[in-house]
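Asker: my questions are about this predicted structure, shown below with the sequence.
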Amino acid sequence: MMLTHEKVWTKCLKTIAEHVTPQAYKTWFEPVKPIGLNNDSLLIRVPNKFFFEWLEQHYIDLLKLAISKELGPKGRLEYQIFVENHRDIKGNTIEAMRKKGEALHASQKAGIDPALKDFMFSSELKPEYTFENFIVGTCNKLARNAGIAIAKNPGKTAFNPLIIHGGVGLGKTHLAHAIGNETLKNFPDKRVLYTNTERFTNQIVQALKNNVMYDFIHYYQLIDLLIIDDIQFLDGRKKTQEIFFNIFNYLHQYDKQIIITSDRAPKDLEGIQDRLISRFKWGLTTDLQVPDVETRIAILEAKMNQKGVEMSHDVIDLISQNIKSSIRELEGVLVSLIATSALTEHEIDLNLTNQVIESFVNHIQKEITVENIQKLVADYFSIPVEDLRKKSRKREVVVARQLSMYFAKEFTSESLKNIGEFFAKDHSTVLYSHKAVRDMMDTDTGFKDIVEKLKRQVEFSLNSN
Ligand code: ADP
Ligand code: MG
C-alpha cells in the first residue's frame, strides 16, 4: 500500500493524541497540514513561525517519536511556514518579524535550524542608554546594582521581576534600557525586548482586530528579557492587563527576566488588578530618588563632557542649586544654555545661565490643559468648543476632536481616561484618535502641515501663558 503524506500524518496524530491533552492537541496539532512526503521526510505546514517555535520547544521529542514510528529511525520532519499577507500586526517588532517570516517562507528542517533560531529579533533598545553613561549616586545606586546583577544573570536572580519606580525624569527608562543593553552584551543570543505600555496596548488592539492573538502571545513568550516601561498606563485597560498577566506568568515560570517601570510604587498604582500587583512583589521593588547635589553636579559634568562644551564651576553650581527635581530638567537646562549661547553669540556665564534657568523654570511650571487645547483647536476650525463633546459626525468636528485628543495625549500628563472625559468618550477612543492622527500625518502632508502649525500654537501658549 502506498504511503501518502496524509496517511503518515494521520497516524502520527494518533500517537500524539495519546501524549497530549485534548486542548493542546486541538491548539497545536489540528492546525498542522501535511503537504508532502519525500522518502524519509514528511513535510508539514504550520500556520506561522510562532507555531514552529512552539512545536520545537515543547513537542520536539513527541514529534520525533511519532515520525520514527511511521517512517523508521531515519524519519525526519520538515516544516513549511505559512504566511498570509493580510496577517499583519502593525507593532514595530511584530511587523519586523513578519517580514523576516516571509523571507523564511522556504521549508525549514526539523531540529534546531540556526537560521531560524536567531531570526532578527528587534530589541527596540536605545544604544545610547548604557550603564557607562548612567551616573551613580545614592539616589539610584540600589536600582543600578540590581540591574547589573540581572544583566549578569537574567532571570536567575531574586530580582524577578525588577520593578523600578520613581518620578518623571529620574532615569527609569535609561536604566531599563541599560540593563537590556548590558544583558545583550553579556549574552548576545538572548532575546531582549523593550516596549512600553502604550505600544504593548496598541499591539493588542491590532492583534485582536486581525485575529492573531495567539501569534502575539507566543511572540512574547519567546522573550528572555522583557522590559515594559510606564506600567501605570495599564490603568483601566482590562484586556491588556489580562494578556500581560498571562505573559508575565509564563515568562516568570520559565525563569525569564521581567523588568517593569512605573511612575509610582506598586501599591499606589490605580486601576490595576490586585493579582497583577501581587505578582510584582515576587521580585525586587526599588525606587529612583531625586538626585542629591553631588550627583547633580556629576551628571552635569558628564553631560557637558559628552557635548564637548566647557562651563565654569560657578555655572555648574548655579544650575545644580536651582534644578533639583529631575535629571531630564538638568539636561534640558544644559541644552537650552548651549543653544542660547550659540544663538546669541554670548558666552556661557552666570548671567546667561540665570536667564535660561528662569525661563526654564517658568516653562516647566506651566502646564497646558486639555481645555486650552480644545479651545485652540476649535478656534482653528471655527467651531464652538461644545461641539467637541457632542456626537457630531461632521467632518471638521471629527477631525478637530481627534486632533484635540492627539495634542492632549502629547502635551498633558492626563491619563487617557481623563482625556476621554473631556470629550465624553472613553480611553480607547483617545488611543484610537491619537493613532488616526499619526497615520494621517504619515499619509497626508497637507494634514501634517496643519498639525505642525497647531503644535507650534500649543507650544507657544505653553510658553506664554
Ligand atoms: P524617566 O524614564 O524616569 O522619566 P529617563 O530615563 O527618560 O527618565 O531620563 C531622563 C533623562 O535623564 C534621559 O536623557 C537620561 O539619559 C537622563 N538620565 C537619567 N538618569 C541619569 C543618570 N543617572 N545619569 C545620566 N543621565 C541620566
Ligand atoms: Mg521613562
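Answerer: On my side now, so go ahead. Numbering: from 1, shown residues only. Ligands and ions are numbered 1, 2, ... in the order given.
Asker: give me the buried positions along stretch 217-231.
Answerer: Buried residues in stretch 217-231, counted by 16 or more other CB atoms under 10 Å: 217-231. Every C-beta, even on glycine, is put in place using the N, C-alpha and C of the backbone.
Asker: wait, which of the residues you listed is closest to Val398?
Answerer: Checking the buried residues of stretch 217-231 against Val398 with CB to CB, the nearest one is Asp230 at 28.9 Å.
Asker: re earlier: out of the buried residues of stretch 217-231, the closest to Glu30 would be?
Answerer: His218 (16.3 Å).
Asker: contacts only, for Glu310.
Answerer: Met304 (CB atoms under 8 Å, 6 or more residues apart in numbering).
Asker: with the one 5 residues further on instead?
Answerer: Applying CB under 8 Å, 6+ apart, we find Val315 in contact with Ile348, Asp349, Leu350, Thr353.
Asker: torsion angles phi and psi at Thr286?
Answerer: phi -140, psi 150 (degrees, to the nearest 10).
Asker: look at it and report its pLDDT.
Answerer: Thr286 is assigned a predicted lDDT (pLDDT) of 95.
Asker: with Leu222 instead?
Answerer: In this prediction Leu222 is given a pLDDT of 87.
Asker: what sits against it?
Answerer: Phe50, Glu53, Arg191.
Asker: point out the least confident one among the residues you listed.
Answerer: Scoring the contacts of Leu222 by pLDDT puts Phe50 last, at 71.
Asker: I'd like the next helix or strand past the helix or strand hosting it.
Answerer: According to DSSP states H and E, Phe50 maps onto helix 49-58. Remark: after helix 49-58, the chain's next helix or strand is helix 60-71, criterion DSSP H and E.
Asker: other SSEs contacting that next one?
Answerer: helix 5-19, strand 41-46, strand 76-81 (3 or more CB pairs under 8 Å, 6 or more residues apart in numbering; DSSP states H and E).
Asker: give me the contact list for that helix.
Answerer: 8, 11-13, 15-16, 19-20, 40-42, 55, 75-77, 110-111.
Asker: before we move on, the earlier item: identify those among the buried residues of stretch 217-231 that sit within strands.
Answerer: Leu225, Leu226, Ile227, Ile228, Asp229 (DSSP state E).
Asker: dump those residues to JSON lines, plus pLDDT and distance to ligand 1.
Answerer: As requested, those are arranged in JSON lines below (pLDDT from 0 to 100; distance: CB to the nearest ligand atom, whole Å):
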{"residue": "Leu225", "pLDDT": "97", "distance to ligand 1": "18"}
{"residue": "Leu226", "pLDDT": "97", "distance to ligand 1": "17"}
{"residue": "Ile227", "pLDDT": "98", "distance to ligand 1": "12"}
{"residue": "Ile228", "pLDDT": "97", "distance to ligand 1": "13"}
{"residue": "Asp229", "pLDDT": "96", "distance to ligand 1": "7"}
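Asker: out of those, which is nearest to ligand 2?
Answerer: Among these, Asp229 lies closest to ligand 2 (CB to the ion), at 5.7 Å.
Asker: the closest one contacts Thr173, correct?
Answerer: Yes - Asp229 lies in contact with Thr173 (CB atoms under 8 Å); the separation is 5.7 Å.
Asker: got any residues that touch both of those two?
Answerer: What both Asp229 and Thr173 touch, as defined by CB under 8 Å, 6+ apart, is the set Thr261.
Asker: who in this protein is up against ligand 2?
Answerer: With CB under 5 Å from the ion as the criterion, the chain meets ligand 2 at residues Lys172, Thr173.
Asker: next up, the contacts around the residue nearest the centre of the chain.
Answerer: By CA atoms, centre = their mean, the chain has its centre lying nearest to Thr195, at 1.5 Å. Counting by CB under 8 Å, 6+ apart, Thr195 touches Thr93, Glu124, Leu226, Ile227, Ile228, Asp229.
Asker: a strand runs through it, doesn't it?
Answerer: Yes - counting by DSSP: H, G, I helix; E, B strand; the rest coil, Thr195 is located in a strand.
Asker: what separation is there between it and Ile228?
Answerer: Distance of Thr195 to Ile228, computed by CB to CB, to the nearest Å: 6 Å.
Asker: just His58 next, same as before
Answerer: Distance of His58 to Ile228, computed by CB to CB: 25 Å.
Asker: next, the contact list for the residue in the stretch 101-250 of the chain positioned nearest to ligand 2, please.
Answerer: Closest contact between the stretch 101-250 of the chain and ligand 2, by CB to the ion, is at Thr173 (3.2 Å). Contacts for Thr173 (CB under 8 Å, 6+ apart) come out as Tyr129, Asp229, Thr261.
Asker: nice, that's everything, thank you.
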